[in-house]
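[1] Next input, structure requested:
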Amino acid sequence: MDIPGDEPDLDAEIALAQSDIAAGRVVAAVDRLQTLIEVPIYDHRLHYAMAAALGAVGDQEGQQSWLLDAQTFHALQAISEQADMGRFVSEPNYALQIGEQAYSDGKMGLASAAFGQVAPLPGAPFNVIMRWGLSLLHQGRIPEAITAFNLAADTFQSSMAHEFLLYACFFAQDGVRLHAAEARRWAQLYAPAPADRAFANPDLAGRKLRIGYVAPTLLRSQLRQFIVPVLEHHDLLRVEVFIYCADPATETGIRATAVRGIGTLSDADAADLIASDGLDVLVDLWGHTSGGRLGIFALKPAPVQAAWINYVQTTGLAAIDYVLHADGTRAAEDDELFVEKIWRLGPIAVPFRPGERLAPTPTPALANGYVTFASFNHPARLNDATVAAWAAILKGRPGSRLLLKYRYFVDPVLQQALLARFLGQGVTADQIVFEGHSTGPDYLKSFGRIDLALDPSPAPGGTTSSEAVSNGVPLLTLRGPDFYSRIGTLRLEPLGLHQLVAESWDDYVAKVLALTADIPALDALRAEVRPRFEASPLRDEAGFTAILEDAFRQMFDRWKAGA
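    Below is the predicted model:
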């Protein structure tokens with residue numbers, strides 16, 4: 001017989017277990033949780049706590065299993081508070097409506113649970129499987145996302161689904177090698193055979209070099225801050241520049257010899273159009289990202305073809321001759337990871353022109369009395385090694401905060417999953433702050449609230465890191481073992497900020513703790529970052545463009561010599 005009052009206070013017991021985990025009393029926490037876990041078995045809080053406990057003892061497989069259950073139960077609980085669960089489990093269209101709304105709201109945990117009701121079923125529509133994969137990816141649930149994209153690619157023989165799979169590989173374990181293999185497979189499956197073209201381009205003596213750039217849009221994407229400085233500094237007395245985009249009406253004011261729309265053309269027709277312009281060098285700016293046109297490059301409409309800016313990995317296409325990299329990303333196994341040849345451009349691979357910027361501000365710890373670390377990166381970049389290092393930093397700097405800011409951090413499931421991962425490393429929720437997307441002045445003000453930006457690894461930040469240093473925020477990055485994990489160094493070493501590049505995770509943690517031990521010194525460093533950025537190669541738009549043009553001439557001359 002149940003005796004009233006004998007039921008445990010679930011909230012209090014979970015809080016005690018969490019305290020035990022944070023204090024390192026993991027055995028006591030597991031004992032407490034095991035007595036609770038029998039009933040109610042579906043309470044997601046218990047599963048998050050158990051995941052944290054298993055993480056604390058290094059049982060990553062067990063942690064992942066409990067975490068996945070916690071995320072599922074949590075999402076279903078949240079859905080049940082606003083939906084008819086009878087209809088949710090029995091009416092696919094109703095579940096999909098809930099999934100679409102959750103996806104629109106940025107609540108990817110709820111979205112993946114809803115799409116997961118339908119996507120694995122026989123006959124599931126393509127777009128549902130893709131939405132399922134994306135909602136998993138945006139939570140950092142990479143193996144599950146890869147499974148979903150594989151399902152879509154294999155079921156529908158879809159080039160596009162396979163390209164989303166390639167993107168997910170960026171964040172997977174041993175991602176550069178997984179990506180390299182999948183990119184080659186993509187090319188084998190979907191790339192058309194090169195067209196039979198005979199190029200008769202004359203020597204460059206006495207004429208202009210003809211360069212073409214391909215992207216769905218240049219001005220309405222993050223490409224703008226990287227490509228516009230180059231377009232504005234191309235020497236049109238020595239080069240002709242052709243832009244091939246989806247719709248020229250969206251590229252108003254772009255500086256080029258010609259802007260041609262290819263959004264409605266097939267790959268073959270677009271390749272014929274490009275070939276008719278008699279280009280010397282054709283450059284892809286988009287890669288396997290959604291909206292890219294690599295099928296055009298497979299048809300080889302120009303004698304020399306290169307990949308640049310938006311895609312630093314291999315495209316897998318033998319028809320692309322070069323991929324453009326900076327010197328600082330060089331690593332031992334680069335050549336085997338690329339179908340293309342790597343062309344080194346020097347200390348940077350692309351300039352960066354910041355938009356509106358925050359006025360110079362002192363490091364906020366001077367006024368706050370505590371240090372604020374931050375990452376504005378996609379949640380998929382926050383792998384276990386990164387979480388462990390950031391947790392070690394938070395423990396080593398008591399009272400500090402970590403601001404995680406991105407659109408998907410509004411999701412309560414994502415938040416609790418990350419908090420469980422941090423708790424498994426001994427860090428409690430009071431040190432983690434989540435924020436969603438912001439724009440304009442609100443976004444700029446965010447840089448004035450952080451003392452030190454932390455780069456994840458082996459998938460470091462890109463545009464967000466450039467924005468941080470351009471706004472005067474010191475950034476700490478790790479020089480990883482491969483080209484992709486070294487991208488963060490390109491935001492620092494060209495500025496002469498070598499002290500902000502770590503050589504190992506232990507060095508990373510030690511550097512952060514040393515930097516934040518002396519707040520006046522950190523403030524002095526902050527005062528250096530923006531002037532160093534302004535004086536760096538990243539801001540020498542004309543100088544870089546001259547280097548780029550020279551590289552294209554050398555590429556063409558090599559082709560001509562071998563033609």
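[2] Leaving out sequence neighbours, find the closest residue to Gln313.
    His179 (5.4 Å; CB to CB, 6 or more residues apart in numbering). Yep, even glycine has a C-beta here, placed from its N, CA and C like the rest.
[3] how close does that neighbour get to Ala258?
    34 Å (CB to CB, to the nearest Å).
[4] With Ala180 instead?
    For Ala180, the distance to Ala258 - CB to CB - is 35 Å.
[5] Out of those two, name the residue with the larger neighbour count.
    Neighbours per residue (other CB atoms under 10 Å) separate Ala180 from Ala258, with Ala180 holding more: 20 against 12.
[6] for the closest residue to the more buried one other than its chain neighbours, phi and psi?
    Nearest residue to Ala180 in three dimensions, chain neighbours excluded: Leu337, at 4.5 Å (CB to CB, 6+ apart). Here is the backbone geometry of Leu337 (degrees, to the nearest 10): phi -90, psi -10.
[7] Tell me which residues of the helix or strand of the chain with the lowest mean pLDDT come out buried.
    One helix or strand of the chain scores below all others by mean pLDDT, DSSP states H and E: helix 26-37, with a mean of 87. Of all the residues in helix 26-37, those buried under the rule 16 or more other CB atoms under 10 Å are 26, 28-30, 32-33, 36-37.
[8] same thing with stretch 87-103?
    88, 92, 94-96, 98-99, 102-103.
[9] count of residues packed around Gln225?
    With other CB under 10 Å as criterion, Gln225 counts 18.
[10] how near is it to Arg260?
    23 Å.
[11] Over to Arg184?
    For Arg184 relative to Arg260 (CB to CB), the value is 30 Å.
[12] do the same with Gly562
    29 Å.
[13] again with Trp343
    Counting by CB to CB, the gap from Trp343 to Arg260 is 26 Å.
[14] pLDDT score for the most centrally placed residue in the chain?
    Nearest to the geometric centre of the chain sits His378, at 5.5 Å (CA atoms, centre = their mean). pLDDT for His378: 97.
[15] which residue sits closest to it in space, ignoring its chain neighbours?
    Tyr406 (6.0 Å).
[16] Count the neighbours of that neighbour for me.
    Under the criterion other CB under 10 Å, the count of neighbours that Tyr406 has is 22.
[17] can you check Asn127 too?
    Neighbours around Asn127, by other CB under 10 Å: 12.
[18] What residues sit buried inside the one helix or strand it maps to?
    For Asn127, the enclosing helix or strand under DSSP states H and E is helix 126-137. Neighbour counts using 16+ other CB under 10 Å place 126, 128-137 of helix 126-137 among the buried residues.
[19] what's the answer for stretch 12-26, then?
    Neighbour count says stretch 12-26 has 13-14, 16-18, 20-22, 25-26 buried, by 16+ other CB under 10 Å.
[20] The stretch 401-550 of the chain: strands as residue ranges?
    Ranges of strands in the stretch 401-550 of the chain, per DSSP state E, counting those that start in this stretch, are 401-405, 432-435, 452-454, 475-478, 501-502.
[21] what are the pairing partners of the fourth one, and which direction each?
    When pairs are called by DSSP bridges, strand 475-478 turns out to pair with strand 452-454 (parallel), strand 501-502 (parallel).
[22] ranking those by burial, who's on top?
    strand 452-454 (a mean of 26; mean count of other CB atoms under 10 Å).
[23] So what's the model's average confidence on that one?
    Rounded mean pLDDT across strand 452-454 is 98.
[24] Run through who's touching that strand.
    For strand 452-454, contacts defined as CB atoms under 8 Å, 6 or more residues apart in numbering pick out 371-376, 390, 393, 402, 465, 468, 473-476, 512, 515-516, 522.
[25] Helix, strand, or coil at Trp343?
    strand (DSSP: H, G, I helix; E, B strand; the rest coil).
[26] quick one: the helix or strand harbouring Asn150 to helix 126-137, angle?
    Using DSSP H and E, Asn150 sits within helix 142-156. Relative orientation of helix 142-156 versus helix 126-137 (axes from the mean of the first three to the mean of the last three CA atoms, to 10 degrees): 170 degrees.
[27] Please flag which of the buried residues of stretch 12-26 sit within helices.
    13-14, 16-18, 20-22, 26 (DSSP state H).
[28] would you turn these into CSV with distance to Ala246?
    Output for those, formatted as CSV (distance: CB to CB, whole Å):
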residue, distance to Ala246
Glu13, 57
Ile14, 52
Leu16, 57
Ala17, 54
Gln18, 50
Asp20, 56
Ile21, 51
Ala22, 51
Val26, 54
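[29] sorry, back to before: correct me if wrong: the residue nearest to His378 contacts Ala374.
    No - with contacts counted by CB atoms under 8 Å, Tyr406 stays clear of Ala374, the gap being 10.8 Å.
[30] Low-confidence stretches in the stretch 401-550 of the chain?
    Applying pLDDT under 70 to the stretch 401-550 of the chain flags no residue at all.
[31] Helices of that one, start to end?
    412-423, 440-447, 463-470, 505-515, 519-534, 541-562 (DSSP state H, counting those that start in this stretch).
[32] between those helices, which gets nearest to Ser276?
    helix 541-562 (18.3 Å; CB to CB).
[33] buried ones in that closest one?
    Buried-residue list, helix 541-562, by 16+ other CB under 10 Å: 541, 544-545, 547-549, 551-553, 555-556, 559-560.
[34] same check, this time on stretch 329-336
    Applying 16+ other CB under 10 Å to stretch 329-336 flags 329, 331, 334 as buried.
[35] right, and the first one touches Arg491 too?
    So that's Thr329. No - judged on CB under 8 Å, Thr329 makes no contact with Arg491 at a distance of 11.9 Å.
[36] Let me know how buried the closest residue to Ala246 other than its chain neighbours is, in neighbour terms.
    Using CB to CB, 6+ apart and skipping residues adjacent in sequence, the residue nearest Ala246 is Gly263, 3.3 Å away. For Gly263, the neighbour count with other CB under 10 Å is 15.
[37] Gly263 touches Pro248, doesn't it?
    No - assessed by CB under 8 Å, Gly263 is found out of contact with Pro248, at 9.2 Å.
[38] Please report phi then psi for Gly346.
    Torsion angles, degrees, to the nearest 10, at Gly346: phi 120, psi -150.
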